[in-house]
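Asks: Sequence and computational prediction follow.
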Amino acid sequence: MKKLVVLGAGTAGTMVVNRLRKLLDANEWQVTIVDQDETHYYQPGFLFLPFGTYQGKDVIKPKRDFIPSGVELIVSPIDVIDAENNSVTLVKDQRVLTYDFLVIATGAQIRPDQTPGLLEHEWHKTIHDFYTFDGALTLARHLEQWQGGRLVVNVVENPIKCPVAPLEFLMLADFYFQDRGIRDRVELVYTTPLPGAFTKPVCNRELSGMLQAKGIQVVPEFQIERVDPDAKKIVAYDETAIGYDLLVTVPMNMGDECIARSGLGDESNFIPVDKHTFVSPKHANIFVLGDAAALPTSKAGSVAHFAVECFAENFVRYIQGSELDPSFDGHTNCFIESGFGKGLLIDFNYDTEPLPGRFPLPGIGPFALLQESRLNHLGKLAFRWMYWNILLKGRNTLLPARMSMAGKMTPHQN
Ligand SMILES: Cc1cc2nc3c(=O)[nH]c(=O)nc-3n(C[C@H](O)[C@H](O)[C@H](O)COP(=O)(O)OP(=O)(O)OC[C@H]3O[C@@H](n4cnc5c(N)ncnc54)[C@H](O)[C@@H]3O)c2cc1C
């Protein structure tokens, strides 16, 4: 019996076991998946919790409901991976799992401990996050009572999960405070280490214009060094300080500590892999999928989905002795909530930045690329159903894993 061990039963790991269980002969392959948590979190839904659009129950389900029969789910923290000896030690009972092939999908977590001042006595009082389930729910309770002032959203460092989420948060906050009739009492400020609101030029122009029109101030190139929770200010390395009444932080995102303990990661515990095949350059039987991988594309569920599709077919070829097909192109697809029941959609890859146009059908859509529409907002809401019922279960969608230029307008066509 050959052994495949998958570490992490989040978005990527769950999709991997669902796809591979169908493709691998059950008489020849034993498939095991490990996670420390019984609960699966629909993380894109965290964005909606602070504003009361979703309740906690809308974004959680038991992990077991998504693990196919014939796959063993072990609930335990992972202690360490011994890549030289093809084994993984779990914290629970110090159990040792051996493997022929290993898929690492342990994701990324926020690390407020990496910024002095963030985790002190004001954490979850005047300093909040929405990148965790508890954080987003606590922020919802705080916002309900909040009567206005300066709300600063600060991104500590990139990469972060879903790089547009902080912008969505601000645009939804603008909508939320208008709805409550207190927008004139709220100053919205976005501080980012990037030179603009977003990395890619065409998208940056579009999003910057929208933020400006909504009265949201962008402070670019703000490299935060520390927070002074008593004086209520964030301070950059060059000593520039910005005061706040309410700080919503997107702390540093890092790979799990078990990656550091195993000596497999970079300084942020993300694991270097081939960007087209996900294979580790050091270990030909280790693949890394989802946010855990150090890839030059967004850390997003859509990336995990397209990546797993490319990987599953490739893995079957690989174990039959063929070369890996460098098929993954960095495809990312993301709805961006812009408030007032509208949203945008972006679709891009390693080589092509987000461009305007229609998606998925050229000229028809129904979704508009890089343009606000009601349908894009409805698409974002419908995505939750698709996540639980189609994507996690490893079912096929109509969306191609590789990005298509059909329907996109290049800058000279605009
Ligand atoms: C606020 C927010 C909004 C987002 N919005 C979007 C969006 O609109 N669109 C989009 O595509 N993506 C979005 N994302 C990103 C998306 O949720 C992630 O990219 C995706 O979940 C990554 O999947 P993953 O499997 O790599 O990691 P995860 O889904 O985080 O899974 C990792 C799993 O590994 C487990 N694990 C980690 N370490 C250990 C250990 N030591 N022992 C045992 N188990 C361990 C964890 O418990 C977890 O279950 C958003 C994320 C956030 C936070």
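Replies: In hand now; what should we look at? Numbers count the residues shown, from 1 in each chain.

Asks: tell me the phi and psi of the residue lying closest to residue 271 once chain neighbours are set aside?
Replies: Computed as C-beta to C-beta, 6 or more residues apart in numbering, the closest residue to residue 271 that is not its neighbour in sequence is residue 288, at 4.5 Å. The way it works is simple: take the backbone N, C-alpha and C, and place the C-beta from them, glycine included. Backbone torsions for residue 288, taken as degrees, to the nearest 10, come to phi -130, psi 130.

Asks: how about residue 288, what does it touch?
Replies: By C-beta atoms under 8 Å, 6 or more residues apart in numbering, the contact set of residue 288 is 103-105, 271, 273, 278, 280.

Asks: Verify the contact between residue 214 and residue 339 for me.
Replies: Yes: assessed by C-beta atoms under 8 Å, residue 214 is found in contact with residue 339 at 7.5 Å.

Asks: Determine the number of other residues adjacent to residue 57.
Replies: Residues near residue 57, counting by other C-beta atoms under 10 Å, number 7.

Asks: Am I right that it falls within a strand?
Replies: No: Residue 57: not assigned to a strand; according to DSSP: H, G, I helix; E, B strand; the rest coil it is helix.

Asks: if you look at the contacts of residue 288, which of them are in strands?
Replies: Among the contacts of residue 288, the members falling in strands (DSSP state E) are 103-104, 271.

Asks: related to what we said a few turns ago, quick one: the residue nearest to residue 271 and residue 160, what's the gap?
Replies: Distance of residue 288 to residue 160, computed by C-beta to C-beta, to the nearest Å: 18 Å.

Asks: Name the residues contacting each of residue 214 and residue 339.
Replies: Shared contacts of residue 214 and residue 339, defined by C-beta under 8 Å, 6+ apart, comprise 171, 174.

Asks: out of those two, which sits in the busier spot?
Replies: Comparing residue 214 with residue 339 by other C-beta under 10 Å, the one with more neighbours is residue 339, at 21 against 18.

Asks: quick one, what contacts the closest residue to that one other than its chain neighbours?
Replies: In space, and not counting its chain neighbours, residue 339 is closest to residue 175: 3.2 Å by C-beta to C-beta, 6+ apart. Contact partners of residue 175, counting by C-beta under 8 Å, 6+ apart, are 51, 339-340.

Asks: Please give the element, helix or strand, for residue 175.
Replies: helix 165-180 (DSSP states H and E).

Asks: could you check whether that helix is close to the ligand?
Replies: Yes: using C-beta under 6 Å from any ligand atom, helix 165-180 comes into contact with the ligand via residue 165.

Asks: can you offset everything so residue one is 14?
Replies: Sure thing, new numbering starts at 14, so read that last one as helix 178-193.

Asks: buried sites along that helix?
Replies: Residues 178-190 are the ones in helix 178-193 that count as buried (16 or more other C-beta atoms under 10 Å).

Asks: Quick one: name whatever helix or strand follows it.
Replies: strand 199-204.

Asks: That next one packs against which elements?
Replies: Applying 3 or more C-beta pairs under 8 Å, 6 or more residues apart in numbering; DSSP states H and E, one finds that strand 199-204 makes contact with strand 162-168, helix 178-193, strand 229-232.

Asks: mind checking which of the ones you listed is nearest residue 307?
Replies: Closest approach to residue 307 among the helices and strands packed on strand 199-204 (C-beta to C-beta): strand 162-168, 18.6 Å.

Asks: what angle do the closest one and helix 178-193 make?
Replies: 160 degrees (axes from the mean of the first three to the mean of the last three C-alpha atoms, to 10 degrees).

Asks: For strand 162-168, C-alpha coordinates in PDB please.
Replies: Written as PDB, here are the backbone C-alpha positions of strand 162-168 (Å, rounded to 0.1, in the frame of the first residue of the first chain):
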ATOM      1  CA  GLY A 162     -13.900  58.800  15.200                       C
ATOM      2  CA  ARG A 163     -10.900  57.800  13.100                       C
ATOM      3  CA  LEU A 164     -10.900  54.200  11.900                       C
ATOM      4  CA  VAL A 165      -7.500  53.200  10.600                       C
ATOM      5  CA  VAL A 166      -7.000  49.900   8.700                       C
ATOM      6  CA  ASN A 167      -3.400  49.000   8.700                       C
ATOM      7  CA  VAL A 168      -1.700  46.200   6.700                       C
END
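
Asks: tilt between it and strand 199-204?
Replies: Per the same axes, to 10 degrees, the angle that strand 162-168 makes with strand 199-204 is 20 degrees.

Asks: packing partners for strand 162-168?
Replies: helix 178-193, strand 199-204, strand 259-263.

Asks: got the buried residues for the second one?
Replies: Translated: strand 199-204. 199-204.

Asks: Contact partners for residue 126?
Replies: Counted by C-beta under 8 Å, 6+ apart, residue 126 has contacts residue 132.

Asks: Looks to me like it is in a helix.
Replies: Yes: with three-state DSSP as the criterion, residue 126 is part of a helix.

Asks: Per-residue pLDDT of it, please?
Replies: If you check residue 126, the pLDDT there is 98.

Asks: Could you find the closest non-adjacent residue to the closest residue to the ligand within the chain?
Replies: Nearest residue of the chain to the ligand: residue 23, at 1.7 Å (C-beta to the nearest ligand atom). The spatial neighbour of residue 23 that comes closest, neighbours along the chain excluded (C-beta to C-beta, 6+ apart), is residue 120 at 5.1 Å.

Asks: Run a quick neighbour tally on that neighbour.
Replies: For residue 120, using other C-beta under 10 Å, the count is 22.

Asks: hang on, the earlier thing: separation between the residue nearest to residue 284 and residue 402?
Replies: Residue 301 sits 27 Å away from residue 402, going by C-beta to C-beta.

Asks: again, but for residue 197
Replies: 42 Å.

Asks: OK, contacts around residue 404?
Replies: Going by C-beta under 8 Å, 6+ apart, residue 404 touches 24, 28, 314, 318, 410.

Asks: Tell me the predicted confidence for residue 345.
Replies: 95.

Asks: and if you look at the one 5 residues further on?
Replies: Note on residue 350: pLDDT of 98.

Asks: Then residue 413?
Replies: Residue 413 is assigned 88 on the pLDDT scale.
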